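Asker: What would the 3D arrangement of this be:
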Amino acid sequence: MPGRDPSAQGGGPLWAAMHAMPRVAMGELRKADLPEEPGVYALYRDGRAVYVGLAERQTLQGRIWKNHRGRGVSMTGSAMRRNVAERLGIASSADIKARRYQPTVEDAAKVVAWLDDCEIAWQRAASQAEAAQLERDLKREWMPPLTKR
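Answerer: So this is what the prediction gives:
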């Protein structure tokens, strides 16, 4: 599969491990696919990582399914969806989070369509602290383009 070669992507050994994880198409993702454990996840588009995030206070299932896989217009709880909206030229992530811009149904549909063309991979963590450390370490190795500090 093009783009699956970890050496062709950003990062060091931690990213190589993430790149090697199985991926699920966001458009085909089911709630049952996601573990009920803390962890870190990466969003891939065209075989390349574009976002990394953390499921620390919730499980991977809760964070990805409830916040990022949403189909509604609210994006305040999902940095991933806000950052995609910004990439698509809808509004800045900061304006959406601060509610200075209210996404429309059409905006949400564009974000969902973009995300549906992506894949997601994750790594489970034994604890919330371990998940937080893994995310920090991944970001130190390399920051995907849609990830903000």
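Asker: contacts, neighbours, all on C-alpha from now
Answerer: Will do.
Asker: the longest helix in this structure is where?
Answerer: Ranked by number of residues, the top helix in the chain under DSSP state H is helix 128-141.
Asker: Mind checking the pLDDT average for that one?
Answerer: Regarding helix 128-141, the rounded mean pLDDT is 96.
Asker: List of residues touching that helix?
Answerer: With contacts defined as C-alpha atoms under 8 Å, 6 or more residues apart in numbering, helix 128-141 is touched by 11-12, 14-15, 38-40, 52-57, 124-125.
Asker: again with stretch 61-77
Answerer: With C-alpha under 8 Å, 6+ apart as the test, stretch 61-77 has contacts from 26, 31-32, 34-37, 55, 78, 80-82, 96-99, 102-105, 107-109, 112.
Asker: List buried residues within those.
Answerer: 26, 34, 36-37, 55, 78, 80-82, 96-97, 102-103, 107-108, 112 (16 or more other C-alpha atoms under 10 Å).
Asker: So which of the residues you listed are in helices?
Answerer: Using DSSP H, the buried ones among the contacts of stretch 61-77 in helices are 80, 81, 82, 96, 97, 107, 108, 112.
Asker: What separation do you get for the fourth one and residue 80?
Answerer: Think residue 96. Separation of residue 96 from residue 80 (C-alpha to C-alpha, to the nearest Å): 12 Å.
Asker: helix, strand or coil for the most far-flung residue of the chain relative to its centre?
Answerer: Distance from the centre of the chain peaks at residue 100, with 23.2 Å (C-alpha atoms, centre = their mean). Following DSSP: H, G, I helix; E, B strand; the rest coil, residue 100 is assigned to coil.
Asker: Next: residue 90.
Answerer: Going by three-state DSSP, the state assigned to residue 90 is coil.
Asker: show me what contacts the most centrally placed residue in the chain?
Answerer: In the chain, the centroid-proximal residue (C-alpha atoms, centre = their mean) is residue 43; its distance is 4.4 Å. Shown in contact with residue 43 (C-alpha under 8 Å, 6+ apart): 49, 50, 51, 52, 118, 119, 120, 121.
Asker: In a helix, it, correct?
Answerer: No - under three-state DSSP, residue 43 falls outside any helix and is assigned strand.
Asker: residues contacting residue 96?
Answerer: 75, 76, 82, 102, 103.
Asker: could I get those residues as JSON lines with pLDDT?
Answerer: Formatted as JSON lines, the contacts of residue 96 follow (pLDDT from 0 to 100):
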{"residue": "75", "pLDDT": "96"}
{"residue": "76", "pLDDT": "93"}
{"residue": "82", "pLDDT": "97"}
{"residue": "102", "pLDDT": "97"}
{"residue": "103", "pLDDT": "98"}
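Asker: All set, thanks.
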